[in-house]
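Undergrad: Have a look; sequence and predicted model below, questions after that.
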Amino acid sequence: MAAIHITDIEAAINHWRERAPRPDDLALAPPLQALAEVYALMVYRQHDAIDDAALSPQAMAAWLDWYASTPDTPCIAICSTSQGDDWCKGCGRSFDEVQFWPAMGPAEKRAVWRRITQEHTAWRFNRYAERAAEGRTGAAPGAIGAAATSS
């Protein structure tokens, strides 16, 4: 099982707030309520991550709906692992992460995205940031973008 970070829960909540606003503000849409319950428990317990298996089916469905709106891969089509590097200079993933990306689950992929974003050393964040920004249309505001959709 993989852990989902609280920032991804927050992003999913914001996704649903935009997608299912309530004019009366008295009740939450069911997907938003499921995510809000997860978020509240995480804050109360002071946890920054939750195992994806611990989410209710409703919360997981709501989170997966948000996840589907994010880019699948950090690849910018400059892969140094194909040249023998252990870590890709283009996207920041390890050789194993690049190789096994198609078999990874959504929470595992988001954990990799989080790590490479925090490290901020890959070329996608500096030299080739414009390439990484291509294709961001349709992504949620503030979402991490990627140019390619393959591994």
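TA: Arrived safely. This one's a predicted model, so the numbers in the text were calculated from it and none came from an experiment.
Undergrad: Every contact and neighbour count from this point should use C-alpha atoms.
TA: OK.
Undergrad: Show me what secondary structure element comes after the top helix by length along the chain.
TA: Looking across the chain with DSSP state H, the single longest helix is helix 30-45. Going down the chain from helix 30-45, the next helix or strand is strand 49-51, by DSSP states H and E.
Undergrad: Flag every buried residue along the very next helix or strand once past that next one.
TA: Using DSSP H and E, the helix or strand that follows strand 49-51 in sequence is helix 57-67. Across helix 57-67, burial judged by 16 or more other CA atoms under 10 Å covers Ala59, Met60, Ala62, Trp63, Trp66, Tyr67.
Undergrad: Same check on stretch 80-92?
TA: Quick answer for stretch 80-92 (16+ other CA under 10 Å): Ser80, Thr81, Trp87, Cys88, Lys89, Gly90, Cys91, Gly92.
Undergrad: so how far is the lowest-mean-pLDDT helix or strand in the chain from its chain's centroid?
TA: Among the helical and strand segments of the chain, the one scoring lowest on mean pLDDT, DSSP states H and E is helix 129-133, with a mean of 72. For helix 129-133, the separation from the chain centroid amounts to 17 Å (computed by CA atoms, centre = their mean, to the nearest Å).
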